[in-house]
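**Student:** compute the structure for the input listed below.
(one chain, ligands or ions: 2)
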Amino acid sequence: MEEPNIDSDKYSKELEVGVRVVQLACCLCQKVQKGSDQKGSSFGPNPDHVVSKDDDSPVTVADWSVQATISWILSETFGRENVSIVAEEDAQTLSDPNAATLLGSVVATVNETLSMAPRFGLKSPAAPLGDSEVLDAISRCNSTGGPVGRHWVLDPVDGTLGFVRGDQYAVALALIENGRVMVGVLGCPNYSSKKKLVNNSNVGKLSSDLWQEGCVMYTKKGSGQAWMQPLVHGDGILEWPNSASIIRVSSIDNPAMATFCEPVEKANSNHSYTAGLAYSVGLRKQPLRVYSMVKYAAIARGDAEIYMKFAKAGYKEKIWDHAAGVVIVEEAGGVVTDAGGRPLDFSRGVYLEGVDRGIVACSGVNLHEKIIGAVYASWDSSHL
Ligand SMILES: Nc1ncnc2c1ncn2[C@@H]1O[C@H](COP(=O)(O)OS(=O)(=O)O)[C@@H](OP(=O)(O)O)[C@H]1O
Ligand SMILES: [Mg+2]
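**Tutor:** Ligands and ions are numbered 1, 2, ... in the order given. This is a model prediction of the structure:
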């Protein structure tokens, strides 16, 4: 595919609005998580608000509320008729008459969040949104994307398990145009903009207590740069570009010095297969197991060098779990492909079709070539 020629102003508004609304969404998530400290607030940590989806994965008030908030802001800013959104959640559970309490919590959370929007440089509604407007904002995100036109791609809370466990999670928003990811924004509320990742004695795990400050990373395709800004906290106001700094991948290309990240859950990636690959290419450090697209954030920012995910055969990766992270890693200087070395294809709808075995993101070509080579050398003897 030919590289698009992007003038520097193209997508600037989309990027800025994307960052502002992800900042607002991170604020929402933190308030839901800290609900018990906010007496008299509608942001509550009610355990009933973690619901199981058909595939047994969890969904919370935060997932629906972030999706409604981002959908409403994008539609208001760019015009409803111009906005197509591919997002993870649907409004079915919430529309059930038995889910009135849950819907009430989501509507209150969305309205409380939208009332803060002006501090983030965004519009708030003239009057609080009603139930049907919130449901409508959620269900409008039912686009299936594809090779033509502009589509926003949203994972309202990526790593919902990390979110409910008080660990790492991300709000991920990307803009795809004609099948290519042109803008990526990754809000990481528990990943400090200041402190570096540390690898614990056993398996590395990011402790959320250390990373309270949070950050938002973002980029435009073709800019050759990616940025990070701290999260806006308390009653803060987002003054663009909010002390943004440029981030860059690590320069380490010696496997013995490199750190690799992978999903926390064994069900999501084959830990023993990646352990074998790691050993064969000479990685010596323990894997850093991190929930969500914060793994891509860690590569983009130089806190780790390799991210590998080998899902079970037959599992199809969704575009919202990768789009924002991939473009941020690439513009920060890294390489992301499937395990056969081919680029990920965001032009085929909701799923990343044709992924060969797994996903490999690296800080540079040397490490990437080694991992891909090791996959080819080991695949036949693996038990995926
Ligand atoms: N069976 C299976 N195999 C592979 N991947 C799956 C599977 N089931 C779900 N998912 C998707 O993985 C998203 C979480 O991926 P992570 O890399 O963050 O995994 S982990 O939570 O650290 O284990 C997770 O995203 P969220 O639902 O946003 O949390 C899922 O979309
Ligand atoms: Mg996800």
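
**Student:** going by C-alpha atoms from here, please, whenever you check contacts or count neighbours.
**Tutor:** Fine.

**Student:** and the helices in the stretch 101-250 of the chain, which stretches?
**Tutor:** For the stretch 101-250 of the chain, helices defined by DSSP state H, counting those that start in this stretch occupy the ranges 131-139, 160-164.

**Student:** using PDB, list the CA coordinates for stretch 53-60.
**Tutor:** Provided in PDB are the C-alpha atoms of stretch 53-60 (Å, rounded to 0.1, in the frame of the first residue of the first chain):
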ATOM      1  CA  LYS A  53     -21.400 -10.200  28.800                       C
ATOM      2  CA  ASP A  54     -22.300 -13.200  26.600                       C
ATOM      3  CA  ASP A  55     -18.700 -14.100  26.300                       C
ATOM      4  CA  ASP A  56     -18.300 -13.900  30.100                       C
ATOM      5  CA  SER A  57     -16.100 -10.800  29.900                       C
ATOM      6  CA  PRO A  58     -17.100  -8.000  32.400                       C
ATOM      7  CA  VAL A  59     -18.700  -4.700  31.500                       C
ATOM      8  CA  THR A  60     -19.300  -1.800  33.900                       C
END
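
**Student:** close to ligand 2, is it?
**Tutor:** No - Stretch 53-60 lies out of reach of ligand 2 by Cα under 5 Å from the ion, never closer than 10.1 Å.

**Student:** quick one: buried residues of that stretch?
**Tutor:** Buried residues in stretch 53-60, counted by 16 or more other Cα atoms under 10 Å: 58-60.

**Student:** rank the helices of the stretch 101-250 of the chain by pLDDT, which is bottom?
**Tutor:** Mean pLDDT is lowest for helix 160-164 among the helices of the stretch 101-250 of the chain, at a mean of 92.

**Student:** and the pLDDT for the closest residue to residue 142 other than its chain neighbours?
**Tutor:** Spatial nearest neighbour of residue 142, excluding adjacent residues (Cα to Cα, 6 or more residues apart in numbering): residue 86 at 5.7 Å. On pLDDT, residue 86 comes in at 98.

**Student:** you'd agree residue 86 is in a strand?
**Tutor:** Yes - in this structure, residue 86 lies within a strand as judged by DSSP: H, G, I helix; E, B strand; the rest coil.

**Student:** hang on, isn't it packed against residue 346?
**Tutor:** No - the criterion here is Cα atoms under 8 Å, and residue 86 misses it with residue 346 at 11.7 Å.

**Student:** for the chain, what spans make up the strands?
**Tutor:** All strands of the chain, identified by DSSP state E, fall at 50-52, 58-60, 85-87, 150-158, 170-177, 180-188, 215-220, 226-230, 245-247, 260-262, 288-289, 306-309, 335-338, 359-362.
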